[in-house]
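Q: no sequence for this one, just the structure:
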């Protein structure tokens, strides 16, 4: 078992989660480092990106995605804003998902209504995952603190949307997702 697989297995065991590991990236996410899929309870790792990444960077993305697994399947550990937002995914092209009753409902929001980057990056579950990933990566690589903070900051919105703005977007997704 590789060190990566040991990290994933340990995290799953410590948090009472089921995490399946796959090295076949889902369609549309082929260039990502890794991705956690709620429906399949699978963590997808892009071997090529992983092997070419700096150690702290790869672990940052791993911890970020593992945190999403924990957020979704152990919601009692998180505040209401994270519990609500983790049920939604917003991609930069306006594609949105709502996860409900084990199923993914999809819609596409109009570009004139939303700045999708700001919406995606402002989600409480994303902010929490970046905070957690940063903390864990710094714990493992304290000598890379500056680079890890810079990586985290590159994913944070210049100005996070308010909860009211996020709730309005969630309401819109609720009304349009099929």
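A: The structure has been received and is ready for your questions. Keep in mind that this is a model prediction, so the values were computed, not measured.

Q: For residue 82, see how far away residue 76 is.
A: Here residue 76 is placed at a distance of 11 Å from residue 82 (CB to CB, to the nearest Å). All C-beta spots, glycine's among them, are computed from the backbone N, C-alpha and C.

Q: higher neighbour count, these two?
A: Set side by side, residue 76 and residue 82 show unequal neighbour counts under other CB atoms under 10 Å, the larger going to residue 82 at 20 against 5.

Q: Give the full set of residues in contact with that one.
A: Shown in contact with residue 82 (CB atoms under 8 Å, 6 or more residues apart in numbering): 71, 75, 124-125, 128.

Q: Which element, helix or strand, includes it?
A: Assigned by DSSP states H and E, residue 82 falls within helix 80-85.

Q: Burial check on residue 13, number of neighbours?
A: Other residues near residue 13 come to 10 when the count uses other CB under 10 Å.

Q: Next: residue 36.
A: 21.

Q: quick check, it in a strand?
A: Yes. Under DSSP: H, G, I helix; E, B strand; the rest coil, residue 36 falls within a strand.

Q: Now do the helix holding residue 82, average pLDDT.
A: Within the predicted structure, the mean pLDDT of helix 80-85 is 96.

Q: after the lowest-mean-pLDDT helix or strand in the chain comes which helix or strand?
A: Of the helices and strands making up the chain, the lowest-confidence element is helix 47-52, at a mean of 88, by mean pLDDT, DSSP states H and E. Note on helix 47-52: by DSSP H and E, the next helix or strand toward the C-terminus is helix 55-73.
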